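Asker: here is the input, now give the coordinates:
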Amino acid sequence: MTMLSLSSTAPRNEIGTENPDESDGVADKYQVTFLFKAEGKGVLAQGTPTKLVKTLMDDNGEYLQSEKASIVADDSVKAEPYTGYEIDEWTSEEFDGLSWTSNPLTTAALSVTGGKTYTFTATFKSLDFNVVLPLLEKTKKGHKMAAAISYP
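Answerer: This is a model prediction of the structure:
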């Protein structure tokens, strides 16, 4: 007698759109994960998610493994610079050479693959400002301003 054994593996389902750390019933191969972080002289603003999951579907509601996905203003992805700094740009190594200067972060449709994670990093730059220092000249009656130095 020959015995036949069948086994089935359900698609991985560990992430979700409502809570990125909980299953939502959609196979992960149809979902993309965006991670967000701030580097250097700032932090992610209060209320900004560190992880966002989007489900990839066509116009008919059919799940897709590759599609386009966007980060929109309603996703509330925002960076907050420390005093004396401003947002420079958002970058992602997974999207060669692209950068975004909007804050909150918004993107056009990006080509993504389900089951993958894409990381976006906010970077900051120093605010430009001028410092003016007066040069004082000593006189018999005290001091008077002779000139001013401006930097930069």
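Asker: residues in contact with the residue nearest the centre of the chain?
Answerer: Note on the chain: the residue nearest the mean C-alpha position is Phe120, at 3.7 Å, using Cα atoms, centre = their mean. By Cβ atoms under 8 Å, 6 or more residues apart in numbering, the residues touching Phe120 are Phe34, Leu35, Phe36, Lys37, Ile71, Val77, Trp90, Thr91, Ser92, Leu105. C-beta coordinates here come from the backbone N, C-alpha and C atoms, glycine included.
Asker: assign it to helix, strand or coil.
Answerer: For Phe120, the assignment made with DSSP: H, G, I helix; E, B strand; the rest coil gives strand.
Asker: before we move on, back to that, just name the closest of the contacts of Phe120 to Thr48, please.
Answerer: Closest approach between the contacts of Phe120 and Thr48, by Cβ to Cβ: Val77, at 5.5 Å.
Asker: any idea how far Gly84 is from the closest one?
Answerer: 23 Å (Cβ to Cβ, to the nearest Å).
Asker: which one's more surrounded, those two?
Answerer: Of the pair Val77 and Gly84, Val77 is the one with more neighbours under other Cβ atoms under 10 Å, namely 27 against 10.
Asker: now name the helix or strand holding that one.
Answerer: Here Val77, judged by DSSP states H and E, is contained in no helix and no strand.
Asker: begin at 116, not 1, for the rest of this chat.
Answerer: All set: I'll call the first residue 116, so the last point we hit is now Val192.
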